[in-house]
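Novice: Got a predicted structure plus its sequence, pasted below:
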Amino acid sequence: MIIIITGASHTGKTMLAQRLLEKYKYPYISIDHIKMGLIRSGNTNLTPLDDDKLTDYLWPVVSEIIKTAIENNQNLIVEGCYIPYDWRKSFESNYLKEIKFICLALSDNYIDHNFDVIKNKANIIETRLEDSCLSIDKLKIENKNFIDGFNNEKIIIIDSDYENTIKLFIKSYEQKIINKYLEFEKHSKLTKNTQNWTPKKHPKDIIQNKTNLIIQKIYQNTKIKYVKYVRNDINYKIKR
């Protein structure tokens with residue numbers, strides 16, 4: 001599973017990526033890091049201020065990284081603002097079904113009442129470039145552009161309680177992981193080879209009680225040999 005997280009600056013993209021990494025152990029790539037690596041290495045004459053040009057320059061690279069991860073059955077979080085509004089055109093349907101897209105945005109109401117908090121938390125995950133030019137009006141315009149540009153996509157709009165909004169999203173995503181696992185468990189032909197193999201607990205119970213690595217928790221006390229079978233965003237271990 002590939003998770004693309006985008007949004008205007010100061011919306012908490014990196015924080016959400018970090019939360020998902022900690023919870024599900026998905027690695028993540030920051031498009032900002034790719035950007036700065038290319039700029040600092042002299043591979044481009046673009047600067048961090050060339051937003052539109054950077055999107056055109058970086059997206060072909062990022063989209064191919066995503067395809068490579070999908071082809072290798074790898075989970076990956078891709079986070080950054082340099083995602084074109086028509087990003088889906090870069091992928092065929094077999095790739096798109098493995099991608100979950102999320103756009104974070106702040107409402108005008110949230111910006112008006114929390115502007116100082118937004119600025120103070122700018123460096124909570126990573127150190128940003130100096131942003132003294134950031135203003136309430138500029139932040140509103142940036143967020144409106146993302147909301148309008150990605151109007152046909154999944155947009156999480158933070159209007160009042162940032163932490164609760166993010167927690168609710170992660171909880172809803174967690175339920176989707178459970179459903180995918182149960183669906184796979186129900187229909188997989190591989191279960192024919194696992195008649196003598198009983199999980200210690202039902203995966204749903206394990207995730208609800210203490211999420212993270214489903215398979216690691218289920219089969220931690222078994223002594224049989226396994227081969228690793230990877231599908232979507234869960235690593236299944238199937239009896240050899």
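Specialist: Happy to help now that I have it. In this text the structure is predicted, and so the values were computed from the model without any measurement. Numbers count the residues shown, from 1 in each chain.
Novice: can you map out the strands along this protein?
Specialist: Along the chain, counting by DSSP state E, strands occupy 2-7, 28-30, 76-79, 99-106, 155-158, 226-231, 234-239.
Novice: Report all helices and strands that the fifth one contacts.
Specialist: The elements that strand 155-158 packs onto, with contact taken as 3 or more C-beta pairs under 8 Å, 6 or more residues apart in numbering; DSSP states H and E, are strand 99-106, helix 136-149, helix 162-187. Using the backbone N, CA and C atoms, a C-beta is placed for each residue, glycine as well.
Novice: can you tell me how far Val62 sits from Leu168?
Specialist: According to C-beta to C-beta, to the nearest Å, Val62 stands 28 Å off from Leu168.
Novice: So the two - more neighbours on which side?
Specialist: Shown here are Val62 and Leu168; by other C-beta atoms under 10 Å, Val62 has more neighbours (21 against 12).
Novice: wait, what's in contact with that one?
Specialist: With contacts defined as C-beta atoms under 8 Å, 6 or more residues apart in numbering, the neighbours of Val62 are 29, 31, 34, 78, 80, 82-83.
Novice: Among those, which are located in helices?
Specialist: Within these, residues falling in helices by DSSP state H are 31, 34.
Novice: worst-scoring helix or strand of the protein, pLDDT-wise?
Specialist: strand 226-231 (a mean of 37; mean pLDDT, DSSP states H and E).
Novice: Quickly, which of the helices and strands packed on strand 155-158 bottoms out on average pLDDT?
Specialist: With a mean of 74, helix 162-187 has the lowest mean pLDDT of the helices and strands packed on strand 155-158.
Novice: Please identify which of the helices and strands packed on strand 155-158 is closest to Ala17.
Specialist: strand 99-106 (9.9 Å; C-beta to C-beta).
Novice: what does the closest one contact?
Specialist: Contacts for strand 99-106 (C-beta under 8 Å, 6+ apart): 1-8, 10-13, 16, 66, 70, 87, 91, 118, 139, 143, 146-147, 150, 153-158, 169, 173.
Novice: Equivalent analysis for stretch 31-41, please.
Specialist: Here stretch 31-41 has contacts from 44, 46-48, 54, 57-58, 61-62, 78-83, using C-beta under 8 Å, 6+ apart.
Novice: Export only the CA atoms of that stretch, formatted as PDB.
Specialist: Extracted in PDB, the C-alpha atoms of stretch 31-41 (Å, rounded to 0.1, in the frame of the first residue of the first chain):
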ATOM      1  CA  ILE A  31       9.500  15.000  -1.200                       C
ATOM      2  CA  ASP A  32      11.200  18.000   0.500                       C
ATOM      3  CA  HIS A  33      14.200  15.800   1.100                       C
ATOM      4  CA  ILE A  34      14.400  14.800  -2.500                       C
ATOM      5  CA  LYS A  35      14.000  18.400  -3.500                       C
ATOM      6  CA  MET A  36      16.800  19.600  -1.200                       C
ATOM      7  CA  GLY A  37      19.100  16.800  -2.300                       C
ATOM      8  CA  LEU A  38      18.700  17.700  -5.900                       C
ATOM      9  CA  ILE A  39      19.100  21.400  -5.300                       C
ATOM     10  CA  ARG A  40      22.100  21.100  -2.900                       C
ATOM     11  CA  SER A  41      23.900  18.600  -5.200                       C
END
